[in-house]
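Chemist: Model the structure of this input:
(chains A and B)
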Amino acid sequence: MELLAFGKTGWGDELFLATLMTIAVSITAMLIGFIFALIFTPLKLSKNKFLNYIANFYTTIIRGVPELLVIYLFFFGGSGAIMYVASVFGYNKYIEINAFLTGAFSIGIISGAYSTEVFRGALQSIDRGQFEASNVLGFNKIIRFYKIIFPQMLRLSIPNLSNVWQITLKDTSLISVTGLVEIMRQSYIAAGSTRDPLFFYTFAAVLYLLLTFLSMRFINRMEVKYNKGF
Amino acid sequence: MDIDLIITSFPKLIIASITTLKLLSVSLLIGLFIGLFFAVLRINNNFIFGKIAYVYSYIFRGTPLLVQIFIIYYGFGQVEFIRESIFWIILKEPYWCAVIAFALNTGAYTSEILRSAFQTIKPGLIEAGKSLGVNNKIIFYKIQIPIAIRQSLPAYGNEIILMLKGTSLASTVTLMDLTGVAKYIISTTFKPIEVFIIAGSIYLFFTFIIHNIIKILEKKYSF
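Modeler: Below you'll find the predicted structure:
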């Protein structure tokens, strides 16, 4: 138990900060994923074959290729790509991108592919009558989307988004290969310096279980709240 | 775009993908039996067995696969009595550690898939079997299992694809599978995009094949 003490003797405070880091990366990745999903869902549902093709290409590739490979692509390729763009604008120094951003971005792209599928499913299950009614009432396209379709889409996608959240939370453990100090990386460091890997990895597993358990309770409560009146 | 690198690394990655397929097939096979075992515990009306199976699937589905591999590979090697027992012959090999972790992980998901498949079987079918005087064992093997397999095929197909992606984690315990070799080539040449394209296409090719096999099986067993 003294291994988990806070302060200089134990690993309690380090692991606590690492847990906060995991939560921060997961939330950032989830939000980046939403941005991707909001771009690609309309493309997926559009009548244009070419736009459909682009969106399908994105979701198929991301969902068919291992997460670790995507992370390696951004970890090793990210700074190169940014330096290339910078050199076009005449900036030729070495640019190092932050491990947090690389990690959140690569996990975000992955969770975005799953969120796209969730939003597509939710949009397709909204009653056609809602679209027709808003047309009859004379709303324009933008108001129709933001005021009528979007809120319903969110409510319908909460149960499936909770799955995406769980996947995202577990995927953040893979960012540890890039050196970002989250739960997995901190456990690795602690296990290395105390030579007690069994304890620290088991503790990491407990932390992840706690995170999934708590977030499920929170999401269930949200689901009940948004299903009032339905 | 470095075409030479693509041509020279392609055979290396193809050879590495054999390791990936081996890991996948062995762990799926073991995982299927584990999943079936725990699914039967879940649908059994025994409270304690049901709880045990529930806790097993909750733990393995709630924690990242990476943690599971690390506990088995790094964690178990530290315990004295495991190192002295006969299990050490298996547990000292990174290959078998990865297989055990994958099998336990996919077993948890498979048990959930099979459980829901068993629960959707109409009770009328089992009652019909009973009233025809068929004994319980034959009802289980000849009525429940075939229907459950049919019901769970689409979800199990997804699980196979998730597991294919999961095997990439074997590279974290020194195994040179497809991702392991890809990472090695990336870190020696610093050309991530080319390597990603080849390794990614190999993974997509496997996904495509698995997807189609499941589709054919679904058609064959549909009623």
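Chemist: In PDB, list the C-alpha atoms belonging to the helix or strand of chain B with the lowest mean pLDDT.
Modeler: When the helices and strands of chain B are compared on mean pLDDT, DSSP states H and E, helix B:80-84 comes out lowest with a mean of 78. Output of helix B:80-84 as PDB, limited to C-alpha atoms (Å, rounded to 0.1, in the frame of the first residue of the first chain):
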ATOM      1  CA  GLU B  80       7.700 -16.700  -7.700                       C
ATOM      2  CA  PHE B  81       5.300 -19.600  -7.700                       C
ATOM      3  CA  ILE B  82       4.200 -19.100 -11.300                       C
ATOM      4  CA  ARG B  83       7.900 -19.100 -12.400                       C
ATOM      5  CA  GLU B  84       8.400 -22.400 -10.500                       C
END
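Chemist: Name the residues of it that are buried.
Modeler: Under the neighbour-count criterion of 16 or more other Cβ atoms under 10 Å in any protein chain shown, helix B:80-84 has B:I82 buried. To be clear about C-beta, it is placed using only N, CA and C from the backbone, and glycine gets the same treatment.
Chemist: can you give me the offset of it from its chain's centre?
Modeler: On the basis of Cα atoms, centre = their mean, to the nearest Å, helix B:80-84 sits 28 Å off its chain's mean C-alpha point.
Chemist: Show me what from chain A comes close to chain B.
Modeler: A:60-61, A:63-69, A:72-73, A:76-77, A:80, A:166, A:170-171, A:173-174, A:176-177, A:184, A:187-188, A:191, A:195-199, A:201-202, A:204-205, A:208-209, A:212-213 (Cβ under 8 Å from any Cβ of the partner chain).
Chemist: Which of those are buried? Put it as a ChimeraX command.
Modeler: In ChimeraX syntax, the buried subset of these is picked out as below (16+ other Cβ under 10 Å):
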select /A:61,63,64,65,66,67,68,69,72,73,76,77,166,170,171,173,174,176,177,184,187,188,191,196,197,198,199,201,202,204,205,208,209,212
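Chemist: contacts for stretch A:43-51?
Modeler: The contact list for stretch A:43-51 (Cβ atoms under 8 Å, 6 or more residues apart in numbering or on different chains) reads A:52, A:54-56, A:59, A:116, A:120, A:123-124.
Chemist: Tell me the buried residues within these.
Modeler: A:55, A:59, A:116, A:120, A:123.
Chemist: Turn those residues into TSV, columns for secondary structure.
Modeler: Listed next are the buried ones among the contacts of stretch A:43-51 as TSV, based on DSSP: H, G, I helix; E, B strand; the rest coil:
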residue	secondary structure
A:A55	helix
A:T59	helix
A:T116	helix
A:R120	helix
A:L123	helix
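Chemist: Quick check: A:N227 vs chain B, distance?
Modeler: Using Cβ to the nearest Cβ, to the nearest Å, we find A:N227 at a distance of 22 Å from chain B.
Chemist: Oops, could you answer that again for A:I23 instead?
Modeler: 14 Å.
Chemist: mind listing what the nearest residue to that residue once chain neighbours are set aside touches?
Modeler: Using Cβ to Cβ, 6 or more residues apart in numbering or on different chains and skipping residues adjacent in sequence, the residue nearest A:I23 is A:L211, 7.1 Å away. Contacts for A:L211 (Cβ under 8 Å, 6+ apart) come out as A:19, A:22-23, A:169.
Chemist: Longest helix in chain B, by number of residues?
Modeler: helix B:3-43 (DSSP state H).
Chemist: right, and A:F203 touches A:I183 too?
Modeler: No. Counting by Cβ atoms under 8 Å, A:F203 stays clear of A:I183, with 9.0 Å between them.
Chemist: Could you name every residue contacting both of these two?
Modeler: Common neighbours of A:F203 and A:I183 (criterion: Cβ under 8 Å, 6+ apart): A:L15.
Chemist: Skip the chain neighbours and tell me the closest residue to residue 103.
Modeler: Unless you meant another one, I'm taking chain A. With Cβ to Cβ, 6+ apart, the residue lying closest to A:G103 is A:I175, at 3.6 Å.
Chemist: Oops, wrong one, chain B.
Modeler: Nearest to B:A103 is B:I30, by Cβ to Cβ, 6+ apart, at 3.9 Å.
Chemist: Which pLDDT value belongs to the one you found?
Modeler: With respect to pLDDT, B:I30 scores 96.
Chemist: Tell me, how many residues neighbour it?
Modeler: 17 (other Cβ atoms under 10 Å in any protein chain shown).
Chemist: which ones are touching the spatially most central residue of chain A?
Modeler: Central residue check for chain A by Cα atoms, centre = their mean: the C-alpha nearest the mean position is that of A:M30, 2.9 Å away. The contact partners of A:M30, by Cβ under 8 Å, 6+ apart, come to A:108, A:111, A:164-165, A:168.
Chemist: before we move on, back to that, what two of the buried ones among the contacts of stretch A:43-51 have the greatest distance between them?
Modeler: A:T59 and A:L123 (14.6 Å; Cβ to Cβ).
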